[in-house]
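1. predicted coordinates and the sequence they were generated for:
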Amino acid sequence: MFSIRNFEGNEKEFEFFLDMLYESIHIPENKPSKEVLLNSPGIRTYHEGWGRKGDKVLIAFDIY
């Protein structure tokens with residue numbers, strides 16, 4: 001079973017989303033560090049500005 005809630009907008013949750021974005025990028029060898037990869041121009045556009053006023057984010061999580 002899972003539950004859905006609103007994103008609270010705190011720094012800990014934002015860092016978790018960045019971690020998941022980094023882990024979702026498949027680079028088989030010599031993957032750059034999280035900071036280098038996520039700040040590259042082609043990737044930065046996917047997370048730049050997250051949490052702006054008016055953004056809506058829902059989080060699904062396992063309740064067990």
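-> In hand now; what should we look at?

2. every contact and neighbour count from this point should use C-alpha atoms.
-> Fine.

3. the helices in this protein, which residues?
-> Remark: helices assigned in the chain by DSSP state H are 11-24, 34-38, 41-44.

4. what does the longest one rub up against?
-> Outside of helix 11-24, the residues within contact range by Cα atoms under 8 Å, 6 or more residues apart in numbering are 7, 34, 37, 38, 47.

5. same question, the shortest one
-> Contact with helix 41-44 is made by 37, 38, as judged by Cα under 8 Å, 6+ apart.

6. circling back: just the contacts of helix 11-24 now: which is nearest residue 28?
-> Among the contacts of helix 11-24, residue 37 lies closest to residue 28 (Cα to Cα), at 13.7 Å.

7. so what's the closest one up against?
-> Per Cα under 8 Å, 6+ apart, neighbours of residue 37: 22, 43.

8. now it: how far from residue 60?
-> Distance, residue 37 to residue 60, using Cα to Cα, to the nearest Å: 26 Å.

9. next: residue 22.
-> 19 Å.

10. and those two? Which one has more around it.
-> Applying other Cα atoms under 10 Å to residue 22 and residue 60 shows that residue 22 carries more neighbours, namely 18 against 11.

11. so what pLDDT did that one get?
-> Per-residue pLDDT puts residue 22 at 96.

12. any idea how far residue 4 is from it?
-> For residue 22 relative to residue 4 (Cα to Cα), the value is 23 Å.

13. what of residue 36?
-> In this view, residue 36 and residue 4 are 32 Å apart by Cα to Cα.

14. repeat for residue 15
-> Counting by Cα to Cα, the gap from residue 15 to residue 4 is 19 Å.

15. now do the residue most central in space within the chain, the pLDDT please.
-> Nearest to the geometric centre of the chain sits residue 17, at 2.3 Å (Cα atoms, centre = their mean). Per-residue confidence at residue 17 stands at 88 (pLDDT).

16. swap in residue 31?
-> On the pLDDT scale, residue 31 gets 96.

17. same deal with the one 3 residues further on?
-> Predicted confidence (pLDDT) at residue 34: the value is 96.

18. what number of residues lie near it?
-> 13.

19. residue 21 too?
-> 15.

20. with respect to residue 51, which of the helices of the chain lies nearest?
-> helix 11-24 (8.6 Å).
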